[in-house]
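*Asks:* Dropping a prediction and its sequence here:
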Amino acid sequence: MEYIGESTWIGEVGRFLVILAFASALFSMITMLFSKNNASTIRAGKWGFGVHAVSIFAVVGLLFFMLLGHYFEYDYVWKHSSLDLEKRFVFSAFWEGQEGSFLLWMFWHSVLGLILLFTAKQWTAPVIGFLSLIQLVLTSMILGVYIGELKIGISPFVLIRELPENAMLPWTRLPDYLQQIEAFSDGTGLNPLLQNYWMTIHPPTLFLGFASVAVPFLFVMAGLLRKDHKSWINMALPWTFFSISILGTGILMGGAWAYEALSFGGFWAWDPVENASLVPWLILVGAGHLMLIERNRGGAAHSMYIFVILAFFFILYSTFLTRSGVLGDSSVHSFVDLGLNGQLLILLFTFVAIPLFFYIRAYKTIPTSDGNEEFWSREFWMFVGSLLLFIAGFQIIFSTSIPVIDKLIGPEGFVPILSKHMAPPVDVIAHYNAWQVPFAIAIGFLMAVGQFLSYRKSRLKWTWVPLARSLALALLISLAFLLPYELYKNPLYVLLMLSGWYVVIANIDYWISIAKGKFAFSGSSIAHVGFGLLIVGSLVSNGAKKYISKSPIFLSENFPASENLLVELNDTVKMADFAVTFSGVEQIAHRRYYFMDYLRLNADGGYDFDFRLEPHLQINDQMGLVAEPSTKHYLHKDIFTHLTYAADMDKRGDDEGYGEEMEFLMAKGDTFIVNRHFLILDSINAEPVYNDDLSLQRLTIEAVFRLMSTTGEVYDVRPTYSIENDDPVHQEVIVEEANVKIRFEEINLEQNKLLIKTKQKVDNDDEFVVLKAIIFPWINILWAGCILMAVGGFISVYQRVKRNAALKS
Amino acid sequence: MKKTHIIALILIFTSIGVVIATLTDSSTYIDFQSAQLNPGKTFTVIGELDKEEQIHYDARRNLLTFFATDKNGTQSKVFYGDVKPTDFERSEDITMKGFATDSGFVATEILLKCPSKYNEQNTLAEVD
């Protein structure tokens, strides 16, 4: 049978390319890992990887082509895009689904692989060999092949009619199903939360970060394979710092997205998904510093290997957590189990077993510490810092894994040890902060002091002067923040503030007095200053954030006052130093803007217009309303305003102003109450109309209701349901006196009852919004810290690449 | 004993501390009945929204009341003193953190699982 209007060639080409990518990765892996340094075998492996990379690029291109061309017969296109999707959000649609995000990840691996192909020199064969192994496993995730009952991967090139759940449905046998069925004319659209500019840049950056963690891992594997534990470090170092910078930037962009587009009012909530990407970063930072120790001083080879392997492992573990659906009950990012759990677990175990095998194999050849650790040396402080980062990461991942632990040893787990289901801590944020704040304090002090120590042994006398000088200055600046915001009440905040500023000042001091302000040595200083500012910025903006939208209403004595405030249209309410007027509503396409005018008290006691914020709602028929906050940015503070409720949208009726739909299954004689009226089904009349050949042309069924008010008025209501040419037609009835609309939806054949839907007139006079407004002081310090950290990281990368080049010549 | 060994020991002990603290800090998913046995203590209950019963949000008082049924089938009235979450009516599972009182369960935090939002369970049933 020929289907009309399907573009099956895209799927055919796509599947071919995926299989080609799989086969070429396999080829490249085998030739590279078993090349035995044979030049022609390596050349073949390089070509193999080239073919793989090009096929991945082509698959990516093809998926974009499908999304842009609106080929809704394809499941991926139908689920993730729609005709009215703005072009710039096609990127977000691309990686909304698992298949697309796996592709994005593989895309970056391919790009990085191509760079390594030309730069990894004598390490090319093992590095590309192990990369091909990773790519092989990842490509299997989008294969979409069945071996018997076993499903291997999910292809993004599946037609909707080919989905297993649709296999036996009658419409899949209609050649013109695309034309006949309305639903195929448009996709279901992209999740409105993702229709935000951050969502076009955050995922690719984050996935480049994920992908780049593989590079130090590849060098580690190559080193273990060849039992050469030294010569790859110089080549891997710039990659490690590149990865730290880009992954860090990606994570923080996610925070920026949460701050700009989500409603919780903040940039970090210790959500499992955030944690899962933070942990590999923490461990990678540790790994990078251990690599520095090993290169400059030696003695850290074992820990360096373990850290790099763990950093990569946690990237995969994070993939497992977020895609297996295991976090379902504990994360705001609800993820769906696509049935790939088994495969994800195999992925995870593969990359435990293989590194472990090579580590054990090379164990005896790995150099150990000479036992002469000097306390006042840079490497010792860096080592302790790395271990602290590891413990911090361990704490986060252990708590985040509670749902996994529950799956393993919970009442329904593999080994049911616990009698009750384990749930994450009740106050998640307090739980994490209780651990992470002390860790951050300690790491900050290590960073401030460590920089002044030199490798091997420091001349202590000389070091005390700048350290004390910086500490004194840091204390002064800290007070300037602690006092006005009353943060001194919490001793941990005091220490964290001091430690943060100490990192900033000490590192600036180091750069000026010891590195003499030279650009060549600025990378680490700038990155460390950035880290210090990040700590300080998050402490001030979060610790001193102020809800200015406090409602005066208490629910009960010990129930907290709400942080939401109700404002009527054209009314003005007082919020801290401001007065806020809700001055109007404007709808542009599917975005509805609410104007909030902030007024400020002037000298005469009156109010002057200060600025306007326009928080808005995205109206999405598929997914309901999504509110997006609006924020006024000042240098020293942000005023964040978010709509938590809009009366005009919630009680939105249909075109005639009816809403609050209810459904009843009714048999003859049944009575239900609708809008304070009794609705009684008295009788059901059928009225068939026949064609000339006595076939049924139309069947009209009339439901005869009595609608009785409590005061005795009775209305005769007769909605009908008719079928003509298989299309149902509904005749609804409105009883204006009772403010009720009645619709005979269909006949439920199983129960032999009628499905009746009723609506009542909605009172739409209410025009008020409930909003949440928060002042975040000095949040710009946080963002500045993020930017400096990334910039510092990239300068280090640049300097190391330059030094490596100089070493060679 | 080398300094690294001392550090390794500290590392191990801190890790054990982390594990124990997390286990004691973690809560358990329980049902309404068990929550009722310890009124006032905070628990996490996973339930399902009762769509048959009335869902009432009073924006002016900022109070949402609804009925939820836990996994054992016990129904309870739930009070939530905050704004009604978007798409509340469409939600399937609701994770509620809160405590039991005589008049119902008072949720301080709720988390929804909406089938429509991320779930890719297709609505193809509507197609045919």
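*Replies:* Right, received. Where do you want to start?
*Asks:* Break chain A down into its structural domains.
*Replies:* Chain A resolves into domains spanning A:1-190, A:208-424, A:565-648+A:766-777, A:658-759 when parsed by automatic domain parsing.
*Asks:* Quick check: end-to-end length of the second one?
*Replies:* If I follow you right, that is domain A:208-424. By C-alpha to C-alpha, to the nearest Å, the extent of domain A:208-424 from end to end equals 30 Å.
*Asks:* can you give me how far that domain is from the chain middle?
*Replies:* Its chain's average C-alpha position is 17 Å from that of domain A:208-424, according to C-alpha atoms, centre = their mean, to the nearest Å.
*Asks:* Likewise for the shortest one?
*Replies:* Distance of domain A:565-648+A:766-777 from the chain centroid (C-alpha atoms, centre = their mean) equals 27 Å.
*Asks:* tell me the mean pLDDT over that domain?
*Replies:* Taken as a whole, domain A:565-648+A:766-777 has an average pLDDT of 88.
*Asks:* which residues touch stretch A:783-796?
*Replies:* Under the criterion C-beta atoms under 8 Å, 6 or more residues apart in numbering or on different chains, residues A:238, A:241-242, A:244-246, A:248-249, A:252, A:256, A:519, A:522-537 lie in contact with stretch A:783-796. Heads up, the C-betas are built off the backbone N, CA and C, glycines and all.
*Asks:* So which of the domains of chain A is the most surrounded?
*Replies:* Among the domains of chain A, domain A:208-424 has the highest mean neighbour count (mean count of other C-beta atoms under 10 Å in any protein chain shown), at a mean of 20.
*Asks:* what is the mean pLDDT for that domain?
*Replies:* The average pLDDT for domain A:208-424 rounds to 88.
*Asks:* Please enumerate the strands of chain B.
*Replies:* In order along the chain, chain B carries the following strands (DSSP state E): B:27-30, B:43-49, B:56-58, B:63-70, B:75-80, B:93-101, B:104-113.
*Asks:* any idea how far the nearest residue to residue A:733 once chain neighbours are set aside lies from residue A:799?
*Replies:* Here the nearest residue to residue A:733 in space, its sequence neighbours aside, is residue A:719; by C-beta to C-beta, 6 or more residues apart in numbering or on different chains that works out to 4.7 Å. Distance of residue A:719 to residue A:799, given as C-beta to C-beta, to the nearest Å: 77 Å.
*Asks:* Next: residue A:613.
*Replies:* When C-beta to C-beta is the yardstick, residue A:613 and residue A:799 sit 43 Å from each other.
*Asks:* what's the answer for residue A:192, then?
*Replies:* 43 Å.
*Asks:* neighbour-wise, which of the two wins?
*Replies:* More neighbours sit around residue A:192 than around the other of residue A:192 and residue A:799, counting by other C-beta atoms under 10 Å in any protein chain shown; the figures are 23 against 18.
*Asks:* Per-residue confidence, that one, what does it come out as?
*Replies:* Taken from the predicted model, the pLDDT recorded for residue A:192 is 80.
*Asks:* I'd say residue A:533 and residue A:780 touch.
*Replies:* No: taking contacts as C-beta atoms under 8 Å, residue A:533 lies outside contact range of residue A:780: 9.7 Å.
*Asks:* Show me which of those two is the more surrounded one.
*Replies:* In this view residue A:533 and residue A:780 are compared by other C-beta under 10 Å, and residue A:533 has more residues nearby, 25 against 18.
*Asks:* element containing that one, please.
*Replies:* helix A:522-543 (DSSP states H and E).
*Asks:* mean confidence for that helix?
*Replies:* Here helix A:522-543 scores 94 as its mean pLDDT.
*Asks:* what comes up buried for that helix?
*Replies:* Across helix A:522-543, burial judged by 16 or more other C-beta atoms under 10 Å in any protein chain shown covers A:522-543.
*Asks:* Same question for stretch A:420-440.
*Replies:* Going by 16+ other C-beta under 10 Å, stretch A:420-440 has these buried residues: A:421-428, A:431-433, A:435-437, A:439-440.
*Asks:* out of these, which touch chain B?
*Replies:* Here is what survives when those are matched to chain B using C-beta under 8 Å from any C-beta of the partner chain: A:421-426, A:431, A:435.
*Asks:* Using CSV, please lay out those together with secondary structure.
*Replies:* As requested, those are exported to CSV (DSSP: H, G, I helix; E, B strand; the rest coil):
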residue, secondary structure
A:421, strand
A:422, strand
A:423, strand
A:424, coil
A:425, coil
A:426, coil
A:431, helix
A:435, helix
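*Asks:* What is the most widely separated pair among those residues?
*Replies:* Set against one another by C-beta to C-beta, these have their most distant pair in A:421 and A:435, with a gap of 23.2 Å.
*Asks:* Which positions in the stretch 51-200 of chain A make contact with chain B?
*Replies:* Within reach of chain B by C-beta under 8 Å from any C-beta, the stretch 51-200 of chain A has these residues: A:75, A:79, A:97, A:160, A:163, A:165-166, A:169-171, A:181, A:183-184, A:188, A:191.
*Asks:* just for chain B, where's the confidence low?
*Replies:* Applying pLDDT under 70 to chain B flags the ranges B:1-3, B:86-87, B:113-128.
*Asks:* Report the contact partners of the residue lying closest to residue A:417 once chain neighbours are set aside.
*Replies:* Take residue A:417 and drop its neighbours on the chain: the residue closest to it by C-beta to C-beta, 6+ apart is residue A:409, 4.2 Å away. The neighbourhood of residue A:409, defined by C-beta under 8 Å, 6+ apart, consists of A:415-418.
*Asks:* closest to chain B among the residues you listed?
*Replies:* Relative to chain B, the closest of the contacts of residue A:409 is residue A:418; by C-beta to the nearest C-beta it sits at 8.2 Å.
*Asks:* Can you classify the closest one as helix, strand or coil?
*Replies:* Assigned with three-state DSSP, residue A:418 falls in the coil class.
*Asks:* which residues touch the closest residue to it other than its chain neighbours?
*Replies:* Once flanking residues are discounted, residue A:418 sits nearest to residue A:410: 5.2 Å by C-beta to C-beta, 6+ apart. The contact partners of residue A:410, taken as C-beta under 8 Å, 6+ apart, are A:416, A:418, A:420-422.
*Asks:* try residue A:616
*Replies:* Each residue near residue A:616 by C-beta under 8 Å, 6+ apart is listed here: A:591-594, A:627-628, A:630, A:643.
*Asks:* can these go into a markdown table with extra columns for distance to chain B and secondary structure?
*Replies:* As requested, the contacts of residue A:616 are exported to a markdown table (distance: C-beta to the nearest C-beta, whole Å; DSSP: H, G, I helix; E, B strand; the rest coil):
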| residue | distance to chain B | secondary structure |
| --- | --- | --- |
| A:591 | 15 | strand |
| A:592 | 13 | strand |
| A:593 | 17 | strand |
| A:594 | 14 | strand |
| A:627 | 7 | strand |
| A:628 | 11 | strand |
| A:630 | 17 | strand |
| A:643 | 9 | strand |
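*Asks:* Please identify which of those is nearest to residue A:209.
*Replies:* Taking the contacts of residue A:616 together and measuring to residue A:209 by C-beta to C-beta, the closest member is residue A:628, at 25.6 Å.
*Asks:* Am I right that that closest one is in contact with residue A:194?
*Replies:* No: counting by C-beta under 8 Å, residue A:628 does not reach residue A:194; the two are 11.6 Å apart.
*Asks:* show me what contacts the residue lying closest to residue A:578 once chain neighbours are set aside?
*Replies:* Excluding its sequence neighbours, the residue lying closest to residue A:578 (C-beta to C-beta, 6+ apart) is residue A:598, at 4.9 Å. Contact analysis of residue A:598 by C-beta under 8 Å, 6+ apart lists A:578-580, A:609-613, A:632, A:639.
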